[in-house]
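sequence? don't have it. structure:
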């Protein structure tokens, strides 16, 4: 059974930063494409960032490009989301997800592609 456990969320003022972590167990992490999604109250879950299992290819939502950075540490089976210049509109529950399709050339951005999900961690940005 694959488990994804997010951590690092919290309350931060606008302009601040946070780093989210997602620890993965139960499967060889190094062949999983990893993604971060978020869901605000009353809204659909949306793509934030993704990283290919090789680590060389990443993808970002336009709304976070230049402010967020996704990275991975295969030795620790962990994926990170570094968030800078946070805005109130970044307030949401952030979910880590894993995609088993390691034959893809680039990380996928649609949530339907992801096979495993964590429980999420809340990020609240105050104005």
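Good, I have the coordinates. For clarity, every value in this text was computed on a predicted model and none was experimentally measured.

From residue 7, how far out is the residue nearest the centre of the chain?
The centre of the chain sits closest to residue 36, judged by C-alpha atoms, centre = their mean, with a distance of 2.1 Å. Separation of residue 36 from residue 7 (C-beta to C-beta, to the nearest Å): 13 Å. No exception for glycine: its C-beta is placed from N, CA and C like everyone else's.

now residue 21
From residue 21 across to residue 7, the span is 5 Å (C-beta to C-beta).

more neighbours, the two?
residue 21 (17 against 14; other C-beta atoms under 10 Å).

Which strands border the host helix or strand of that one, and is each parallel or antiparallel?
Residue 21 belongs to strand 18-25 when assigned by DSSP states H and E. Sheet pairing of strand 18-25 (DSSP bridges) gives strand 3-7 (antiparallel), strand 78-83 (antiparallel).

how about the shortest one: buried residues?
Read that as strand 3-7. Using 16 or more other C-beta atoms under 10 Å as the test for burial, strand 3-7 gives 4, 6.

related to what we said a few turns ago, could you give the average pLDDT over the strand holding residue 21?
If you average the pLDDT over strand 18-25, you get 97.

For it, what is the distance to the chain centroid?
8 Å (C-alpha atoms, centre = their mean, to the nearest Å).

Please work out which residues outside that strand touch it.
Applying C-beta atoms under 8 Å, 6 or more residues apart in numbering, the contact partners of strand 18-25 are 2-10, 12, 32, 34, 36, 76-83, 86, 94, 96, 98, 118, 121, 123.

continuing past that strand, what's the next helix or strand?
Downstream of strand 18-25, the first helix or strand assigned by DSSP H and E is strand 33-39.

Buried ones in that following strand, by neighbour count?
For strand 33-39, burial by neighbour count (16+ other C-beta under 10 Å) applies to 33-38.

Specify the angle between that strand and strand 18-25 in degrees.
Between strand 33-39 and strand 18-25, the angle comes out at 130 degrees (axes from the mean of the first three to the mean of the last three C-alpha atoms, to 10 degrees).
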